[in-house]
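> My questions concern the predicted model and sequence given below.
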Number of protein chains: 2
Amino acid sequence: MKRVEFTNTVLRDGHQSLAATRMRTEQMLPALADLDALGFYQLESWGGATIDSCLRYLGENPFERISALKKGAPKTPHGMLLRGQNIVQYTSFPDDVVEAFIRCTANRGMDVLRIFDALNDPRNLETSIRATLAAGKQARGEICYTISPVHTVEAFVEFGEDLVDLGCQSVSIKDMAGLITPKVAHDLVSALKKRVSVPIILHSHDTAGLAASSYLAAIEAGVDVVETSIVPFANGTSQPDTLRMMALLEGHPRCPDYDRERLARLRAHFEQVYAELKAFTSPANERVDVDILTYQVPGGMLSNFRNQLKEQGMAERYDEVLKEMPVVRAALGYIPLVTPTSQIVGTQAMLNVKFGRWKMISQPAQDVVLGKYGQTPGPVDKELLALVEKQTGKKAVTVRPADLLEPGLPALRDKLKEKGLPEDDETAVLFAMFPVETEKILRGEKPAAPAAPERTGVRPKKYVMQIEGKKHNVEVEEVA
Amino acid sequence: MKRVEFTNTVLRDGHQSLAATRMRTEQMLPALADLDALGFYQLESWGGATIDSCLRYLGENPFERISALKKGAPKTPHGMLLRGQNIVQYTSFPDDVVEAFIRCTANRGMDVLRIFDALNDPRNLETSIRATLAAGKQARGEICYTISPVHTVEAFVEFGEDLVDLGCQSVSIKDMAGLITPKVAHDLVSALKKRVSVPIILHSHDTAGLAASSYLAAIEAGVDVVETSIVPFANGTSQPDTLRMMALLEGHPRCPDYDRERLARLRAHFEQVYAELKAFTSPANERVDVDILTYQVPGGMLSNFRNQLKEQGMAERYDEVLKEMPVVRAALGYIPLVTPTSQIVGTQAMLNVKFGRWKMISQPAQDVVLGKYGQTPGPVDKELLALVEKQTGKKAVTVRPADLLEPGLPALRDKLKEKGLPEDDETAVLFAMFPVETEKILRGEKPAAPAAPERTGVRPKKYVMQIEGKKHNVEVEEVA
């Protein structure tokens, strides 16, 4: 039996899940030699929220990060997470912009593109897959895993076949909410191994404490690769830790043999980085949270959500909103909850609770109903569809969403020229997604938001001081 | 295939592992009806550190807790954890005291005694098992699981056979450090199922993130019972959560069907209790910690240990002390690390680092070397034995440790009489183990230590402050 291989996610999903995507390139560099020497199947090092974070918070050029990481770890294939037609944003972009983004990424040396669509609509993946293959890179198709009456093992396997038909050289089960159980993992991997001939990968999160056991079941069923991270950017809402997974496989004929000394050294390094990112980490994300088994929403979403409700003065209605989410999701054709649909469903559930069900419908929820994100897995609720069509005066569409979009690059270049900014592809695609942040970076301005929130304690602290027996009211402010 | 059953540990190991054993009886009472109705195999509700905690911190009569819990949950068998000849303390007690303790426990209605010895020396279990059976109660023999060259599957199985020969009606694998891997769990359970005919139970901790997967492997191998708790007193250094374990078994023919609504209600209750016990909980204990895979020590020990080293001004030598522990353990015949041996090995490792290896040997470590805790699993290091025999002027013994002890009850009753305290068995056995605390309780005094540690910042702190060149004695109190 072939040993199972691990992808290491510490440079992307590890800190996206546990430290709000705030790891800086300079914090990654010292780890690259060891990460590269370990011989992982892939290093997931880019994509997802990292581009947004580079621009918005870290003041880094995200494309330069690829070059730096490739230089420091040249042997192992690097992977990035791409949201299909949404690139790394929340809505569809025209084909020419998607193609330009993938070209830029490939030129910088990115090896593998993990391509997913929040609705599992193959039409939203076509352009990305074609562009990836055209650039001579590996297209890895992602099946977004979720639980609903329409998401059967057979439906997922058929979608896996679609991905291979579209040209994907590997197929991955993307269990972003950590919901997959050992039984389903076993059945789904077994079926995929029978029906498609490319490598099968399982990517999960230990949010509800299921991932490690489901990895084992998938390994029994013949999965080629599972994805792990490194403590303290592992477990909880992130991927299971590498050493933990090796311990779980001890004595198993498929147990891989990654160098423990290097792993220990990497852990020591990342412990330090984790401490540096203290402002963005939360013990709640490190622990197993079985809540998710009831609400079936991605773990990261719950904590963001709590904050969002607090800002809306709705903190005490958290449970109500959570209970509204399955209702919204069913009405929207059981869309999987993953960026951007998790945000859309969450916001709509909040609006339903605040104003009454469907009394106020957000623009993105209207767009889902009208087919602008693609075909929903199940049908949209008929009454909701009628309501939205009436409110907006528009009819639902069935074409590929991007077919409704004009090419975007010419207008982007005009805009950049007008602003006196460079008009190259990298600038254009970043500007397409993050215009404000990209312009600031290009003009050498500080990021819009501080890299770290200001610490409490910067404010003067108040004390009563008794000095030689006499009480004084004292304010103390720490001076840097 | 028979469904697997769960023991629920929330009333004992759940809060012992995650909240320093500080749950009060009144915090348990509202949960009892639901816990009882769920139909668990057992409710672990007493023993271990709970008796110490009742007396030392909570100001409760521990025997009255049994009565209250049995009254509130009369249908499900209640279990307690007993340290064999050590009862619930750290050293051997005379047979008559052990027998009296078990009689008292049985009279209060305790149904199952989980009996273990830190050295897995059957002679240390004989009296407890005999007394349990004489009282008409169930004796559940515990195999302390650990990893060492002498702890083979065959050695554990032979010890399991010894337990049945001694009269145990069930045999449990007690994996107090959460070290058992799926492979070992499978092999050990399979072998035990072949060789003994009583029910086999697996008790683990999710400290290193292995327990849930190892439970699954044990269930495949035919284990009759696994032990789970309820969030937030579950996972991490405690047992896996009940709902989580049910999710992991979804679709498995052995999956049990515990009422999810009651479990949700219990969770809501225990969330509140957990919040009330905030002073004793730590996010570090809730998360998976793979450190333990390297050091093989119980999770709770690591955090206690860090504090102990801090108090000794040795905080920065934590790693050194951890690395010394396997050395100490090997020299002491590979004793398992569980109360009290974990404390003995930890303290000796600290002394070895502080003063040089074996330059100062603690009294309990000397006693282990001299056979006073029983037969060690492997032989004690010869040079160490010679050194201790020389230092103490004593020869190692090979008899059953308790055979060296005179009966204890008559002297205990004299002492109680002298103090004008009741002389009944319950008082005598508590006084034997915790004389100071028991006397305080009986005299209606407040517990020795506060139920909750005082928060730093509440008491004014004292400083010498130099203000504009002049020294002042200053007391500082923070104002909210």
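It's in. Keep in mind it's a predicted model, so treat the numbers as computed, not measured.
> Am I right that residue A:305 is in contact with residue A:347?
No. With contact defined as CB atoms under 8 Å, residue A:305 does not count as touching residue A:347 (9.4 Å). Where you see a C-beta, it was placed from the backbone N, CA and C, and this is true even at glycine.
> Spatially nearest residue to whichever residue of the stretch 101-250 of chain A sits closest to chain B, not counting backbone neighbours?
Per CB to the nearest CB, residue A:183 is where the stretch 101-250 of chain A lies closest to chain B, at 3.4 Å. Spatial nearest neighbour of residue A:183, chain neighbours left out: residue B:251 (3.4 Å); criterion: CB to CB, 6 or more residues apart in numbering or on different chains.
> again with residue A:332
Residue A:332's closest residue in space is residue A:368 (CB to CB, 6+ apart), at 5.2 Å.
> Which residues does the helix or strand that neighbour falls within contact?
Following DSSP states H and E, one finds residue A:368 within helix A:363-369. The set of residues external to helix A:363-369 that reach it, using CB atoms under 8 Å, 6 or more residues apart in numbering or on different chains, is A:90-91, A:328, A:332-333, A:335, A:340-341, A:343-345, A:347-348, A:361, A:373, A:376, A:380, A:384-385, A:388, A:391-392, A:396.
> mind listing the strands for the stretch 101-250 of chain A?
Along the stretch 101-250 of chain A, the segments classed as strands by DSSP state E, counting those that start in this stretch run A:112-115, A:138-144, A:170-174, A:200-203, A:225-228.
> what's the second one in contact with?
When you say that, I think you mean strand A:138-144. Residues contacting strand A:138-144 (CB under 8 Å, 6+ apart): A:77, A:79, A:111-118, A:120, A:125, A:128-129, A:132-133, A:156, A:159-160, A:163-164, A:166-174, A:176, A:201, A:203, A:336, A:338.
> Buried ones only from those, please, as a PyMOL command.
In PyMOL, this line selects whichever of the contacts of strand A:138-144 come out buried by 16 or more other CB atoms under 10 Å in any protein chain shown:
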select buried, chain A and resi 77+79+111+112+113+114+115+116+117+118+120+125+128+129+132+133+156+159+160+163+164+166+168+169+170+171+172+173+174+176+201+203+336+338
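> May I have the lengthiest helix in chain A as PDB, with CA atoms only?
For chain A, the helix that runs over the most residues, judged by DSSP state H, is helix A:260-276. Extracted C-alpha coordinates of helix A:260-276, given in PDB (Å, rounded to 0.1, in the frame of the first residue of the first chain):
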ATOM      1  CA  ARG A 260      10.300  14.800  13.400                       C
ATOM      2  CA  GLU A 261      13.300  17.000  14.200                       C
ATOM      3  CA  ARG A 262      12.500  19.400  11.400                       C
ATOM      4  CA  LEU A 263       8.900  19.400  12.500                       C
ATOM      5  CA  ALA A 264       9.900  20.200  16.100                       C
ATOM      6  CA  ARG A 265      12.100  23.000  14.800                       C
ATOM      7  CA  LEU A 266       9.200  24.400  12.700                       C
ATOM      8  CA  ARG A 267       6.900  24.200  15.700                       C
ATOM      9  CA  ALA A 268       9.300  26.200  17.800                       C
ATOM     10  CA  HIS A 269       9.500  28.800  15.000                       C
ATOM     11  CA  PHE A 270       5.700  29.000  14.600                       C
ATOM     12  CA  GLU A 271       5.200  29.200  18.400                       C
ATOM     13  CA  GLN A 272       7.200  32.500  18.200                       C
ATOM     14  CA  VAL A 273       5.200  33.700  15.200                       C
ATOM     15  CA  TYR A 274       1.900  32.800  17.000                       C
ATOM     16  CA  ALA A 275       3.000  34.900  20.000                       C
ATOM     17  CA  GLU A 276       3.800  37.800  17.700                       C
END
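> Show me which positions of the host helix or strand of residue A:386 end up buried.
Using DSSP H and E, residue A:386 maps to helix A:382-392. Residues A:384, A:385, A:388 are the ones in helix A:382-392 that count as buried (16+ other CB under 10 Å).
> tally of neighbours for the closest residue in space to residue A:253 that isn't next to it in sequence?
Excluding its sequence neighbours, the residue lying closest to residue A:253 (CB to CB, 6+ apart) is residue A:1, at 4.8 Å. If you count neighbours by other CB atoms under 10 Å in any protein chain shown, residue A:1 ends up with 8.
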